[in-house]
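Asker: predicted model, plus sequence, below.
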Amino acid sequence: MPRFEDLPYRPCVGVMVLNRAGLVFIGRRSEGPEHIDETHVWQMPQGGIDPNEDPWPAALRELYEETSIRSVEHLGEIDDWLSYDIPREIAGRAWGGRYRGQTQKWYALRFTGDDSEINISSPGGGGHDPEFIAWKWEPMERLPDLVVPFKRPTYERVVREFSKFAS
């Protein structure tokens, strides 16, 4: 098995969805090796980029597959790719041990639909397993305190970059 330091980062996208009131969609993860307690189980939609897929279509696809949301408008994106390492002790259980963490392209979107569009129990038209067991709209500044600690610096940067869209 390769050394942790030699493993690549999994290419992914992350999506901050803001409603008209400037609150952010977050979902409560249903499971995962990174769960440490009942507080730090929330996250914004995110997921892997398929081979030969561009990040922007991947972001829209992942959002739909996790939430059924399609009614959005593009607000902005972070120019940099943001990376984080997962804790070494769970590296062998996450993504089959193939990655040391994720490198993510982040997008900010305005949700233009009605909350009834959001469906986490049968997302993506029922073609995808649920990743969230609950969801809520949350003030942006609270997000870093609700995610697992190893994702906190990424969430702090996303909040800094996208705070202009909250009003």
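Answerer: Nice, I can see it.
Asker: give me the neighbour count for Gly96.
Answerer: A count of neighbours around Gly96, defined by other C-beta atoms under 10 Å, yields 7. Any C-beta I mention is one placed from the backbone N, CA and C, and that applies to glycine too.
Asker: ok, Arg3 next?
Answerer: Counted by other C-beta under 10 Å, the residues lying close to Arg3 total 7.
Asker: please enumerate the strands of this protein.
Answerer: 9-18, 24-29, 42-43, 46-48, 72-77, 82-85, 101-111, 132-138 (DSSP state E).
Asker: shouldn't Thr154 be in contact with Leu82?
Answerer: Yes: the pair Thr154 and Leu82 passes the contact test of C-beta atoms under 8 Å, sitting 4.9 Å apart.
Asker: joint contacts of those two?
Answerer: Shared contacts of Thr154 and Leu82 (C-beta atoms under 8 Å, 6 or more residues apart in numbering): Gly14, Gln104.
Asker: quick one: contacts of the longest helix seen in the chain?
Answerer: Secondary structure assigned by DSSP state H gives helix 55-67 as the longest helix of the chain. Contacts with helix 55-67, where a contact means C-beta under 8 Å, 6+ apart, come from 13-15, 17, 25, 27, 45-50, 53, 69-70, 72, 77, 105, 107, 109, 118-120, 123-124, 127-128, 131-132, 135.
Asker: can you rerun that using 7 Å?
Answerer: Residues outside helix 55-67 that contact it (C-beta atoms under 7 Å, 6 or more residues apart in numbering): 13, 15, 17, 25, 27, 45-47, 49-50, 69-70, 105, 107, 118, 120, 123-124, 128, 131-132.
Asker: okay, the angle between that helix and strand 72-77?
Answerer: Comparing the axes of helix 55-67 and strand 72-77 via axes from the mean of the first three to the mean of the last three C-alpha atoms, to 10 degrees yields an angle of 130 degrees.
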